[in-house]
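[1] no sequence for this one, just the structure:
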């Protein structure tokens, strides 16, 4: 069961629940993978609805790794995500929001 206060989000993939979390190391990996100097650009894309499927995939993979998953991005090409692409985008947005939430400012 994910702990939203710890920045965790759940994703059902291939019938199994996975906990995703953007750790500091995972965030650094995400920045490097997106070729971006800051995550602000990524956050702005999600806030404006201008994110890409690559953004969603990168966040999902990074969050899975932050949650202890040992897979690769290629493993997700054939994975069945419960709720489909819309759920994947929702989980990606939740990951970003929870990673940068200020503790004590309402439920994530």
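    Arrived safely. For clarity, every value in this text was computed on a predicted model and none was experimentally measured.
[2] Which residues does stretch 15-33 contact?
    Stretch 15-33 is contacted from outside by 2, 6-12, 37-39, 42, 58-60, 62-69, 80, 82, 91, 95-96, 98-99, using Cβ atoms under 8 Å, 6 or more residues apart in numbering. (Each C-beta comes from the backbone N, C-alpha and C, glycine too.)
[3] repeat for stretch 45-61
    Under Cβ under 8 Å, 6+ apart, the answer for stretch 45-61 is 11, 20, 22, 30, 33-34, 42, 71-73, 76, 85, 88-89, 91-93, 95-96.
[4] so of those residues, which ones are in helices?
    Among those, the residues falling in helices (DSSP state H) are 30, 33-34, 42, 85, 88-89, 91-93, 95-96.
[5] Looking at those residues, state which has the most neighbours.
    Among the ones in helices among the contacts of stretch 45-61, the one with the most neighbours (other Cβ atoms under 10 Å) is residue 95, at 27 neighbours.
[6] Next up, the contacts around it.
    Residue 95 is in contact with 7, 9, 20-22, 59, 63, counting by Cβ under 8 Å, 6+ apart.
[7] For the nearest residue to it once chain neighbours are set aside, grab the count of nearby residues.
    Leaving out its chain neighbours, the residue that sits closest to residue 95 by Cβ to Cβ, 6 or more residues apart in numbering is residue 63, at 4.7 Å. Residues contacting residue 63 under the criterion other Cβ under 10 Å number 29.
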